[in-house]
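>>> Could you look at this predicted model? Sequence included:
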Amino acid sequence: MRVWRAALIVATGIAAAACGGAPIPVPPQATGEPLPFSFADSCSDYGVLDGPAARSPRNANYQIDVRLEPADRSLHGRERIRWRNITAHPTNELQFHLYWNAWRNADSTWLRERRLGGNTNTPRSDAWGWTDVRALRVARGGVAGRVDDLTSRIHFIAPDDGNTADRTVIAVPLPAAVAPNETIEIDLEWSAKIPRPFSRTGYIADYYFFGQWFPKLGVLEDAGWNTHQFHSGTEFYSDYGTYDVRMTVPRGFVVGASGGEFNIENNANGTTVHRFTGEDIHDFAWTASPHFLERTQTFEHPSLPKVKMRLLLQPEHVGQEARHFAATAAALKYYGEWFGAYPYRCITIVDPAFQSASGGMEYPTLFTAGTRWLAPTGVTVPEAVTVHEAGHQFWYGVVGSNEFEHAWMDEGINEFSEVRVNEAAFTPNYVVRRYFGGFIPWVFRDIRVTRQIDEGLANYTLQAESDAEATPSFRYWPSTGVNITYYKTALWLHTLERLLGWPTLQRSMSTYFDRWKFRHPQPSDFFQAVSEGAGRDMTPFFDEVYRSSNTFDYGVQELASAGAGKDRFRTTVVARRFGEATFPVDVVTTFEDGSQKTEHWNGIDRRVIYVYDGTSRARSVQVDPQRILLLDVNYTNNSRTLEPRASQATLKWSLKWMVWLQDALLTYAFLV
Amino acid sequence: MPSWSDGWRRVLAAPAIIAGVYLVTLLAALPLAVSLRGALQNHLGASLMAGEAADAVNYDWWQEFASQSTGLGSTFTPSIIGFATTLDSVSGLLDRRVLITPIAWALGIYVAAWIFLSGGILDRYARGRRVGAHGFFAASGTFFFRFLRLGIAAGIMYWFLFVYMHEWLFAKWYVNVTRDLAVERTAFYWRLLMYAIFGGLLALTTTIFDYAKVRAVVEDRRSMMWALVAALRFLVRNPLRVAALYAANAATFLVAVAVWALIAPGAGGAGLSMWGAVVATQCYVLARLLVKLQFLASETALFQRSLAHVGYAAAPAFARPQPPIIESIFDRSA
């Protein structure tokens, strides 16, 4: 497939547009001359740069020309950024991310935090990576205007923790402030050492994945620059714009990238230039490998736009092609129906190489999935990660929240959405465990994965109090932050779904999506959308789940039902709030004659007592029997019965465990 | 193959030994199972969650229990269901998984019991006839301290294998050779190679010490050092026969495991089906024990078949001494 395509290009001399459309003239090289940005066909359907049809502010537009040197594992690039100050205030400096400097030395904030999280491995000498900016010039007033060489003014800053060893953010004072709505052009030249895999970027053998690989502007907000250092537990934040990127790689490499492929040129020196363009996106990632198998399919839906799906598959996963496409299509379908249409015309799915550590990551219009050589059916590998990362095209790609500060707004909302898709499209989904170094899977077809299990209920309960969700995400404790960001959010969204009903929550989320697509929302914007959808102020709920680290734990303290005269019984129920957080719950008492008494408890007091006089003895009582409150950290104590079956259950399970132990004893006794 | 079939004959001819080692295996596991049951009972209490846990799997409860448990509770994972038990234990051994303290103790006691019983078992298999409980335990006692000394030597060898060889194979060689691999299948083949080497070394070590025990019993050797040397000498002189027998026994083990993989019961429910599952699982435990005994019996048979006089090592039949009262009567009459 790859050979056929390259041959066609060479034979015809016509540039091909990956997303379809008419042949396009080859644009000029990015040698400093500004590109016209007049490409009519890319991954986006609409408009040209700064045109009236632009969906996003397009205030950070990049032209990049980069060369991959496999021999010394380096990148050499130059980029021109056309940046417009869209705030109400002038700025007299620029700030850039140099993410790869997180692996420049052992004292970077990223590596410090990784050690705090428990990973104390010191990278080997060939693992390090870095970015060096060689030149930085700023042009004002167009091509004929003033050009200032600011290279000597570049200095490192550490706005989050003052770590002077951290080299992931640079600042450059400007000779004159950039006024609101003023546009400047910034030229950078840089070189980078490609790391062995760190944080979803780097190389393994001849597989390369490049994320956060170029010097990238921070986000200027009304409060100033929002340019966080690279942290081990959080991701990224940047402005929307257009990207026009030329990547020079050895001939024979298959390249996948954000946006759509604009054209391919073969050079005389054995290299090939791949040009990709993307509009209304806020990042650009790419991958290159000579081994990718390229497959394409088109997503079609009666009420959603067509999307060309391009899959770059590892040869050893050739049998999993259909699973990757099905999962991507499921995400496009359900997210599209629930929240809003996918606004681009193509999407690239990258099946990462083994040990590349690049799996499970999202970038605009491109994402990395992740699977195993042995991937049994009935288990959502690769489906879950594919749906998740495809889903990030909506919650991250289109709705561009700040992942440094509010990681839950993309990861948590997306976790909830992904699991909902999994339930709709990929059931039954069974528990799997892997043995022998993780290579051999074993599927437990007795155990189905329910939504709350998939949403990480057990993980959340382990560290429910580790951080309040409102804490800026980059300040979460590194080893536990994921449980708050992903799982707590997914669980409280699922709780909202059960409380308000899916139609109401779906309406709220689609309103939020529509209102904030191609923009940078704040948490309050999401809460407001939910309150509007619910028709009531949901602040008390968000106070508990978002602004506090308190845990929910309701339970039954006592159930007694005794004779009180002839054919009469007095039943006493004591429901208890063991946790600090509050939530309204139902208390349902079931009697032996099948009748039930339901009480609606506001859940605020420490306990509530219900006494029933009747003709039937109680059988059981349940607090929150519908399990609306999924954040309850101990659901076992939510019920009590006067006809307990724990004896049967524990006998069965302890006998099974005994066999496991006998097996282990016999295996080890093989040695004597 | 004659030794292999002879081994089975000897194993099946001594049902009391089969019953005994089964009982030991059961008793080694039972106390911890009772302890775990107590923990499960405490967590479930009178909760309605127990109903689903009894009838099938209540994974919500299971995870909740696991998240609140330490010690034995931390081993209460899905790996206790069906064939996963075997995958988990073999994988745990080959991947050098650290055992939690209570299980390490249980294993220590179990191994000590095997060291004690080995003398009696080998003596019974070597003689090829009934020796009675007294004879069995007399031989067990006779060889216990010899095998304990041999066990120390074996322990040193296993310590070397698990601490140094495993580290070298899996943490150094395997890591280095797969560090730049971008294809999982290739890495898996490398891992298989490591397992083969490590498993081969374990098998070789076990075989050497097995034959040392066989020679110690059959030839009534006092010096375990010389028994070890004699075992090595036997292996060097009969490599193909030893290897062929080991392969036949290993194949038997694999057949037992394969059958177990096909019939292993799942989670099931409470009541009659639970007891059916218990019977099935205990049959598997019994099969594993039979294979272990077959290793010992067939190795004994092979060694004895290689002797110039097959029967010379067989001591006279044990004659139970008369009770003292009878002896005193006889003494008086004499």
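Looks like it arrived, so ask away.

>>> contacting residues around residue 87?
Assuming you mean chain A. A:180, A:220-222 (C-beta atoms under 8 Å, 6 or more residues apart in numbering or on different chains). Bear in mind the C-beta positions are built from the backbone N, C-alpha and C, glycine included.

>>> that's the wrong chain, I meant chain B
So residue B:87 contacts A:435-436, A:440, A:442, B:79 (C-beta under 8 Å, 6+ apart).

>>> let's see 7 Å
Residue B:87 makes contacts with A:435, A:440, A:442, as judged by C-beta atoms under 7 Å, 6 or more residues apart in numbering or on different chains.

>>> So which of these are in strands?
A:435, A:440, A:442 (DSSP state E).

>>> Name only those of those that count as buried.
A:435, A:442 (16 or more other C-beta atoms under 10 Å in any protein chain shown).

>>> Of the ones in strands among the contacts of residue B:87, which ones also sit close to chain B?
Among the ones in strands among the contacts of residue B:87, the residues that sit close to chain B (C-beta under 7 Å from any C-beta of the partner chain) are A:435, A:440, A:442.

>>> contacting residues around the residue most central in space within chain A?
When C-alpha atoms, centre = their mean is applied to chain A, the residue found nearest the centroid is residue A:411 (4.4 Å). The neighbourhood of residue A:411, defined by C-beta under 7 Å, 6+ apart, consists of A:485-486.

>>> same deal with the one 10 residues further on?
Going by C-beta under 7 Å, 6+ apart, residue A:421 touches A:330-331, A:334, A:387.

>>> what pLDDT does it get?
Predicted confidence (pLDDT) for residue A:421: 98.

>>> can you check the one 5 residues further on too?
Note on residue A:426: pLDDT of 96.

>>> which bits of the stretch 101-250 of chain A sit near chain B?
So the stretch 101-250 of chain A meets chain B at A:204-205, A:207 (C-beta under 7 Å from any C-beta).

>>> Give the ChimeraX command for selecting the buried subset of the residues you listed.
Under the burial definition 16+ other C-beta under 10 Å, those of these that qualify are selected in ChimeraX by:
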select /A:204,205,207
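
>>> Out of the residues of the stretch 101-250 of chain A next to chain B, which is nearest to residue A:75?
residue A:207 (15.0 Å; C-beta to C-beta).

>>> which ones are touching the nearest residue to residue A:254 once chain neighbours are set aside?
Counting by C-beta to C-beta, 6 or more residues apart in numbering or on different chains, residue A:292 is the residue found nearest to residue A:254 once chain neighbours are left out, at 4.0 Å. Residue A:292 is in contact with A:254, A:312-313, counting by C-beta under 7 Å, 6+ apart.

>>> Go through those and flag which are in strands.
A:254, A:312-313.

>>> quick one: which of those has the most company?
Greatest neighbour count in the ones in strands among the contacts of residue A:292, by other C-beta atoms under 10 Å in any protein chain shown, goes to residue A:312: 25 neighbours.

>>> now the contacts of residue A:292 in TSV, with pLDDT?
Converted to TSV, the contacts of residue A:292 look like this (pLDDT from 0 to 100):
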residue	pLDDT
A:254	98
A:312	98
A:313	98
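
>>> Output those residues in CSV, with distance to residue A:356 appended to each entry.
Below are the contacts of residue A:292 laid out as CSV (distance: C-beta to C-beta, whole Å):
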residue, distance to residue A:356
A:254, 15
A:312, 12
A:313, 14
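
>>> returning to that earlier point: looking at the ones in strands among the contacts of residue B:87, spot the one nearest chain B.
Taking C-beta to the nearest C-beta as the measure, chain B lies nearest residue A:435 of the ones in strands among the contacts of residue B:87, at 3.8 Å.

>>> hang on, isn't that closest one packed against residue B:91?
Yes. Counting by C-beta atoms under 7 Å, residue A:435 does reach residue B:91; the two are 3.8 Å apart.

>>> returning to that earlier point: ok, the residue nearest to residue A:254 to residue A:209 distance?
11 Å (C-beta to C-beta, to the nearest Å).

>>> mind showing which ranges of the stretch 51-200 of chain B have poor pLDDT?
By pLDDT under 70, the stretch 51-200 of chain B contains no weakly predicted segment.

>>> one more time with 90, if that's ok
B:67-68, B:70 (pLDDT under 90).

>>> Let me see the ranges of the helices in it.
Listed in chain order, the helices of the stretch 51-200 of chain B (DSSP state H, counting those that start in this stretch) span B:59-67, B:84-94, B:101-127, B:132-159, B:166, B:174-178, B:184-218.

>>> Can you add distance to residue A:352 and give these back as a markdown table?
Shown next, in a markdown table, are these (distance: least, C-beta to C-beta, whole Å):
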| stretch | distance to residue A:352 |
| --- | --- |
| helix B:59-67 | 29 |
| helix B:84-94 | 25 |
| helix B:101-127 | 37 |
| helix B:132-159 | 39 |
| helix B:166 | 29 |
| helix B:174-178 | 16 |
| helix B:184-218 | 11 |
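
>>> for those helices, which one sits closest to residue A:663?
Across the helices of the stretch 51-200 of chain B, closest to residue A:663 is helix B:84-94 (C-beta to C-beta), at 4.4 Å.

>>> Could you count how many residues lie near residue 129?
I went with chain A, as the question did not name one. 25.

>>> meant chain B, my bad for not saying
Neighbour tally, residue B:129, other C-beta under 10 Å: 13.

>>> Next: residue A:270.
Counted with other C-beta under 10 Å, residue A:270 comes out at 9.

>>> Can you pull up the residues of the stretch 151-300 of chain B that come close to chain A?
Residues of the stretch 151-300 of chain B lying near chain A (C-beta under 7 Å from any C-beta): B:151, B:158, B:180-185, B:187-188, B:191, B:202, B:206, B:266-267, B:270, B:274, B:278, B:281, B:285, B:288, B:292.

>>> Which stretches in the stretch 351-500 of chain A count as helices?
Using DSSP H, counting those that start in this stretch, helices in the stretch 351-500 of chain A cover A:383-391, A:411-425, A:451-454, A:457-462, A:481-482, A:489-500.

>>> picking that back up, for ChimeraX, write the selection for the buried entries among the contacts of residue A:87.
The ChimeraX command for the buried members of those (criterion: 16+ other C-beta under 10 Å) is given here:
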select /A:220
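
>>> biggest separation within the contacts of residue A:87, which pair?
A:180 and A:221 (12.4 Å).

>>> Where does the prediction get shaky in the stretch 201-350 of chain A?
For the stretch 201-350 of chain A, no range has pLDDT under 90.

>>> Helices along that one, start to end?
A:321-338.

>>> Kindly report the same for the stretch 1-150 of chain A.
With DSSP H, counting those that start in this stretch as the criterion, the stretch 1-150 of chain A has helices spanning A:2-12, A:109-116.

>>> For the closest residue to residue A:492 other than its chain neighbours, the count of nearby residues, please.
Sequence neighbours aside, residue A:545 is the residue nearest to residue A:492 in space, at 4.1 Å (criterion: C-beta to C-beta, 6+ apart). Using other C-beta under 10 Å, the number of residues around residue A:545 comes to 25.

>>> Please consider this matter closed, and thank you.
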